[in-house]
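Asker: Provided below for reference: sequence and predicted model.
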Amino acid sequence: AQTVTQSQPEMSVQEAETVTLSCTYDTSESDYYLFWYKQPPSRQMILVIRQEAYKQQNATENRFSVNFQKAAKSFSLKISDSQLGDAAMYFCAYRSPQSNSGGSNYKLTFGKGTLLTVNP
Amino acid sequence: DTEVTQTPKHLVMGMTNKKSLKCEQHMGHRAMYWYKQKAKKPPELMFVYSYEKLSINESVPSRFSPECPNSSLLNLHLHALQPEDSALYLCASSQDWWISGMNTEAFFGQGTRLTVV
């Protein structure tokens, strides 16, 4: 079974600064998807960024970028120019690729989350 | 439209009550999910529907009964719940992987905050 580990329960950053959230995972699969989701106090889980394991290039979405190290099974999220609105719980998640295993690819395996505080 | 809409947003129910949570999406997604989330914890998968058929039941107690009347709607019927069932219940949907193996992210609703008294 896959596992996802977020070793930082809480992080804080000054507004306009850069912060990196860590995520490691364990899998025996060679192809998979990795995600970072953000959950602000409004409760809705919002997709921040997605990475396909077969792609060597790190994904980037505006101020958000990842450092994907497949051999090390590491998937960290870098937030540049942090804004007050970035304050939220951030979850790293793993998803298997399509398979014939009757639905297991639908499962998202989440890490325990990192609570990010942005200080003005 | 990339929204998943859940109603109600808040629900307080007694242990003998029967209530239902509703979820709706109009993105043409054929996979829909129910998750349960306790405070400061990650979401835990409860059920997955694929093409209106129950695909995954994560050994959820029978006091939770899911229903998928059509491809846009997902319900969760609640009966005889316990106080420990109080949580945030999240609905999500995604493209079925037969159609698009690439767009595999799940879109989540805002959740229903359930309190069992």
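Answerer: Received the coordinates, thanks.
Asker: in what helix or strand does the residue nearest to the spatial centre of chain B lie?
Answerer: Ranked by distance to the mean C-alpha position of chain B (Cα atoms, centre = their mean), the top residue is residue B:34 at 2.6 Å. Using DSSP states H and E, residue B:34 falls within strand B:31-37.
Asker: please name every helix or strand in contact with that strand.
Answerer: Applying 3 or more Cβ pairs under 8 Å, 6 or more residues apart in numbering or on different chains; DSSP states H and E, we find strand B:31-37 packed against strand B:18-25, strand B:44-50, strand B:73-79, strand B:87-94. Every residue, glycine included, has its C-beta placed from N, CA and C.
Asker: and chain A, is the helix or strand bottoming out on mean pLDDT in chain B touching that?
Answerer: Every helix and strand of chain B was ranked by mean pLDDT, DSSP states H and E. The lowest is strand B:53-57, at a mean of 90. Yes. Shown here: strand B:53-57 in contact with chain A (Cβ under 8 Å from any Cβ of the partner chain) through B:55-56.
Asker: who does that strand pair with, and is each partner parallel or antiparallel?
Answerer: strand B:44-50 (antiparallel) (DSSP bridges).
Asker: which residues does the worst-scoring helix or strand of chain A on mean pLDDT contact?
Answerer: Ranked by mean pLDDT, DSSP H and E, the weakest helix or strand in chain A is strand A:108-110, scoring a mean of 90. Strand A:108-110 is contacted from outside by A:1-4, A:25, A:35, A:37, A:91-95, B:42-43, B:45, B:106, using Cβ atoms under 8 Å, 6 or more residues apart in numbering or on different chains.
Asker: how about the residue nearest to the centre of chain B, what does it touch?
Answerer: B:23, B:45-47, B:66, B:74, B:76, B:89-91.
Asker: again, but for residue B:17
Answerer: Neighbour list for residue B:17: B:78-79, B:81 [criterion: Cβ under 8 Å, 6+ apart].
Asker: any idea how far it lies from residue A:12?
Answerer: 42 Å (Cβ to Cβ, to the nearest Å).
Asker: tell me the contacts of residue 15?
Answerer: Reading this off chain A. By Cβ under 8 Å, 6+ apart, the residues touching residue A:15 are A:82-84, A:118-120.
Asker: right idea, wrong chain: chain B
Answerer: B:80-83, B:116-117.
Asker: which of the residues you listed has the largest number of neighbours?
Answerer: Neighbour count (other Cβ atoms under 10 Å in any protein chain shown) singles out residue B:81 as the most crowded of those, with 22 neighbours.
Asker: what about that residue, which helix or strand?
Answerer: Using DSSP H and E, no helix or strand contains residue B:81.
Asker: thought it was touching residue B:61?
Answerer: No. In this structure, residue B:81 is not within contact of residue B:61 by Cβ atoms under 8 Å, at 9.1 Å.
Asker: show me where pLDDT drops low in chain A?
Answerer: Residue ranges of chain A with pLDDT under 70: A:98-105.
Asker: which residues of it fall in helices?
Answerer: Counting by DSSP state H, no segments of chain A form helices.
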